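Chemist: okay, here's the prediction I keep looking at, along with the sequence it came from:
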Amino acid sequence: MHKYLNTLGLMILLSVNHQLGHAQAVADREQQLLLDVQRSEFADSYETLLAGEREVVVVTQESTTPLTKGVALIIGESGLGPFNQNSAAELANMMNQYGWVSMVMPAPTSAFFAPLEASPAVAAQNASNETEPSSDTEQSVHPRQGPVVLEEAEFNQQEQQLMLQLQAIVPKTQQYPGFFLVIAQGTSAAWLGKIYSEQKLGLPDALIVVNPYWPQRAYNQQIPEILANTQMPVLDVFSRWDNKWGKRTVADRKVAAEKNLKLHYRQRELIGQMIDKEQYRLLSKEIYGWLTQMGW
């Protein structure tokens, strides 16, 4: 009995230490992203907003056309620098050329993505039934990191952090006339779809989601209905380079939108090479064509 209690106590201690270590790793990663922007950008090209107790950098670029259509808020994948070569921030200059003020804001670092060296207990849990099957060779869930299983409280905490960021930046977007457009990538796109479908924040005029997914089956399966139940127009973008989680819901996302008779929903595939600057150029043209079709 004492041996069992000692073993249980050790497992709990290891689990707590792992969680504390992961929380510190997330905090360190966010601080590094903040420093990266401060070092790479001119001081007058960005500002720091307070989202709860966290500092968030926002980079704003003005429209390069005589008439401004509105603001395009761009939120990349969690844990990626806002100007990473695979980040949706590549869209900023292109959206400026179409008449949009662009605001680039990094997403909060998601607890979904733990360091690769997970504890044995976490590794065993991941291998059970929630993460990608080992037969899938194209993991590409996230560069440098792998998926972990989130409890509901952790999932909700991540959603709350993203909501705080949106609440912090919306007053700034309202300084400009015109439409308010949100472009989001990966897990950020999935969370924003959920937030807007549940109307927890004021709705943008349109939402563009690029490879929306959550690397956990129970959550990922909800994405088609989430997007179908949003009230604003949605452009749903995918490509053959999306990870397995995003690919699994592509067809279901379109079917759910059709079943719900969702207005102004369009699903488009980006054809060609892995997503890079040229692919984002194609994405900007897809966005322009979709918005033009709606009369914007």
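Modeler: Thanks, I have it.

Chemist: distance of M274 from W241?
Modeler: Per C-beta to C-beta, to the nearest Å, M274 is found 5 Å from W241. All C-beta spots, glycine's among them, are computed from the backbone N, C-alpha and C.

Chemist: check contacts around T249.
Modeler: The contact partners of T249, by C-beta atoms under 8 Å, 6 or more residues apart in numbering, come to P212, Y213, N220, Q221, I223, P224.

Chemist: who's more crowded, M274 and W241?
Modeler: Using other C-beta atoms under 10 Å, the more surrounded residue of M274 and W241 is W241, with 18 against 10.

Chemist: okay, that one: pLDDT?
Modeler: W241 is assigned 90 on the pLDDT scale.

Chemist: for V237, state which of the contacts of T249 is nearest.
Modeler: V237 lies nearest to P212 out of those, by C-beta to C-beta, at 9.1 Å.

Chemist: what residues does the helix or strand containing E278 touch?
Modeler: Using DSSP states H and E, E278 sits in helix 277-293. Applying C-beta under 8 Å, 6+ apart, the contact partners of helix 277-293 are 85, 88, 90-91, 94-95, 98, 181, 183, 206, 208, 210, 235, 237, 239, 266, 268, 270-273.

Chemist: may I see the buried residues of that helix?
Modeler: Within helix 277-293, the residues that count as buried by 16 or more other C-beta atoms under 10 Å are Q279, Y280, L282, L283, S284, E286, I287, Y288, W290, L291.

Chemist: then stretch 241-252?
Modeler: Neighbour-count burial for stretch 241-252 flags W241, D242, N243, K244, W245, G246, K247, R248, T249, V250 (criterion: 16+ other C-beta under 10 Å).

Chemist: show the end-to-end separation of it, please.
Modeler: By C-alpha to C-alpha, to the nearest Å, the extent of stretch 241-252 from end to end equals 18 Å.

Chemist: what do you get for stretch 200-211?
Modeler: Span of stretch 200-211 from end to end, C-alpha to C-alpha: 22 Å.

Chemist: contacting residues around it?
Modeler: 70, 73, 88, 163, 166-167, 170, 179-186, 189-190, 192-193, 195-196, 227, 230-239, 242-243, 246, 264, 283, 287, 291, 294.

Chemist: please pick the buried ones from those residues.
Modeler: In the contacts of stretch 200-211, burial by neighbour count holds for 70, 73, 88, 163, 166, 179-186, 189-190, 192-193, 195-196, 227, 230, 232-239, 242-243, 246, 283, 287, 291, counting by 16+ other C-beta under 10 Å.

Chemist: mean confidence for the helix holding E278?
Modeler: The model assigns helix 277-293 a mean pLDDT of 93.

Chemist: begin at 40, not 1, for the rest of this chat.
Modeler: OK, 40 is where the count begins now, so the last one is helix 316-332.

Chemist: convert the C-alpha atoms of that helix to PDB, please.
Modeler: The C-alpha trace of helix 316-332 is given here as PDB (Å, rounded to 0.1, in the frame of the first residue of the first chain):
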ATOM      1  CA  LYS A 316       5.400  34.300 -50.300                       C
ATOM      2  CA  GLU A 317       4.100  33.300 -53.800                       C
ATOM      3  CA  GLN A 318       1.300  31.200 -52.300                       C
ATOM      4  CA  TYR A 319       0.300  34.100 -50.100                       C
ATOM      5  CA  ARG A 320       0.200  36.300 -53.300                       C
ATOM      6  CA  LEU A 321      -2.300  33.800 -54.700                       C
ATOM      7  CA  LEU A 322      -4.200  33.900 -51.400                       C
ATOM      8  CA  SER A 323      -4.400  37.600 -51.500                       C
ATOM      9  CA  LYS A 324      -6.000  37.400 -55.000                       C
ATOM     10  CA  GLU A 325      -8.500  34.800 -53.700                       C
ATOM     11  CA  ILE A 326      -9.400  37.200 -50.900                       C
ATOM     12  CA  TYR A 327      -9.700  40.100 -53.400                       C
ATOM     13  CA  GLY A 328     -11.900  38.100 -55.700                       C
ATOM     14  CA  TRP A 329     -14.200  36.900 -52.900                       C
ATOM     15  CA  LEU A 330     -14.600  40.400 -51.500                       C
ATOM     16  CA  THR A 331     -15.200  41.900 -54.900                       C
ATOM     17  CA  GLN A 332     -17.900  39.300 -55.600                       C
END
